[in-house]
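Undergrad: next one to model:
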Amino acid sequence: MYNTATFPVPDGTTIKINGFTNSAYWAQRIVIEVTGQQPITWNGTGAQDNKLVGQVVIPPGNGRTVSITMSYDPGGGFAPSTVVKIPFDDPSLTGFVIGGQDAGGRPNGPASWNTVAFVYWAKGY
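TA: From the prediction side, this is the model:
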């Protein structure tokens, strides 16, 4: 699905995820699904300006996959966001910045910041 970013988790690694929303008034949603766990849903409503909507620490495991889905609601029900996944890899920190764009007008091209998930880990910890 184009509104979902999926990635494998290194075995034995603790994952940390922070979710933020940015919207004038539309509701924004981030759903996190981890293999073998119940989904986690975070919502931003009202005026949001880099609003922290959730944080989670996923303990070490084996053979896991994480899927992060983003959507928005302009008032008539939730619709899928266009999602981008930007990886980063440093010897001490690895992960993704995942951004979602709603259907609001943009003066100069796309802006994938209506929903943002910062996903990070240190390999082997």
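
Undergrad: any weak-confidence spans in this protein?
TA: Applying pLDDT under 70 to the chain flags the ranges 1, 107.

Undergrad: let's go with 50 and repeat that
TA: By pLDDT under 50, the low-scoring segments of the chain are 1.

Undergrad: show me the strands in it, by range?
TA: Per DSSP state E, the chain carries strands over the ranges 4-8, 15-23, 27-34, 40-44, 48-58, 65-73, 79-80, 82-90, 93-101, 115-121.

Undergrad: nearest to residue 109, of these?
TA: Residue 109 sits nearest to strand 93-101 of all these, at 10.2 Å, using CB to CB. The way it works is simple: take the backbone N, C-alpha and C, and place the C-beta from them, glycine included.

Undergrad: identify the residue spatially nearest to residue 87, adjacent ones excluded.
TA: Distances taken as CB to CB, 6 or more residues apart in numbering place residue 96 nearest to residue 87, at 5.4 Å, with adjacent residues excluded.

Undergrad: before we move on, back to that, dump the strands of the chain into TSV; add mean neighbour count as well.
TA: Converted to TSV, those look like this (neighbours: other CB atoms under 10 Å):
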stretch	mean neighbour count
strand 4-8	15
strand 15-23	22
strand 27-34	21
strand 40-44	18
strand 48-58	14
strand 65-73	21
strand 79-80	14
strand 82-90	13
strand 93-101	20
strand 115-121	21
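
Undergrad: reformat these as CSV; add distance to residue 109.
TA: Below are the strands of the chain laid out as CSV (distance: least, CB to CB, whole Å):
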stretch, distance to residue 109
strand 4-8, 20
strand 15-23, 16
strand 27-34, 20
strand 40-44, 23
strand 48-58, 20
strand 65-73, 18
strand 79-80, 19
strand 82-90, 12
strand 93-101, 10
strand 115-121, 17
